[in-house]
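Participant: Give me the fold of what follows.
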Amino acid sequence: MKYLIIGLGNFGASLAEKLTTQGNEVIGIDTSMNKVDALKEKISHTICMDATDEFTVSGLPLKETDIVIVAIGEDQGANVMVTALLKNFNVKRLISRAINPLHEKVLKALGVDEIVHPEEETAERWAKKLCLTGVLDSFELSDDYSIVEVNLPLKYVGKKISEIDIRKKFSLLILTTIKSTQVKNSFGKSVNETKVQGVVSPNLILEKDDILVVYGANTDIERLLKKKIS
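Facilitator: Residues are numbered from 1 along each chain as shown. Coordinates of the predicted model:
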């Protein structure tokens, strides 16, 4: 996949390196030449430029980029300006960094697809979330084991937990399920609200749009996801 990361501070730089290591094409952008130089040998491409300039941004390969991430953390104004600019360019998927609760509300009002909180979430967590198709969120327990949130495959809709038998087929344990519903936020926009359902019962019947919270080895999680989309 092709990523564009704007803002190469600690979080942006770490995420850019991890995504590159996992075989993705990454373009890293920052106004600091020192930060750009520090990463030029570690990620696919680096550019020193002001991403608040509409003309300059228009020259970037936005249509060919799968995910654009605004990781600017030092300058809240620049973060909002760049995010709004990219939203106007209708990029495929836009993720932006929130610095505080008010900033997050502004980003949501702009219609940002996803918001990242580097103070609470690691680059490793986001690298997995972005690279493994179907993973909505993850928590690293060790280098080899994780807890992940996965969209329920359509073939499992209407079946009981005991019937899908993920433990036997993939050596994975379903810890719980999460249901997602549409609600109106303070700006009147529809947003998803999630609710954890508690410890699962073998007789629980799975419904469309349910999210599975799964524990197991990273290799087994990857097997499940590949099977899901094949």
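
Participant: Against Pro202, how distant is the residue lying closest to Val157 once chain neighbours are set aside?
Facilitator: Sequence neighbours aside, Lys208 is the residue nearest to Val157 in space, at 5.0 Å (criterion: Cβ to Cβ, 6 or more residues apart in numbering). Backbone N, C-alpha and C define where each C-beta goes, glycine included. Distance of Lys208 to Pro202, given as Cβ to Cβ, to the nearest Å: 20 Å.

Participant: And Thr219, by the same measure?
Facilitator: With Cβ to Cβ as the criterion, Thr219 and Pro202 are 25 Å apart.

Participant: and what of Pro101?
Facilitator: Pro101 is 40 Å from Pro202, by Cβ to Cβ.

Participant: what do you get for Val91?
Facilitator: 43 Å.

Participant: more crowded one of the two?
Facilitator: Set Val91 next to Pro202 and count neighbours by other Cβ atoms under 10 Å: Val91 wins out with 19 against 9.

Participant: Please name the residues that touch the closest residue to that one other than its chain neighbours.
Facilitator: Leaving out its chain neighbours, the residue that sits closest to Val91 by Cβ to Cβ, 6+ apart is Val68, at 4.6 Å. Val68 sits next to Tyr3, Leu4, Ile5, Ile6, Leu62, Leu86, Val91, Lys92, Arg93, Leu94, Ile95 when contact means Cβ atoms under 8 Å, 6 or more residues apart in numbering.

Participant: Remind me which helix or strand the second one belongs to.
Facilitator: It stands for Leu4. Under the criterion of DSSP states H and E, Leu4 resides in strand 2-6.

Participant: quick check, distance from the lengthiest strand in the chain to the centre of its chain.
Facilitator: For the chain, the longest strand by residue count, based on DSSP state E, is strand 173-184. Here the centre of strand 173-184 is set off from its chain's centre by 17 Å, with Cα atoms, centre = their mean, to the nearest Å.

Participant: In the protein, what helix or strand scores lowest on average pLDDT?
Facilitator: strand 135-140 (a mean of 62; mean pLDDT, DSSP states H and E).
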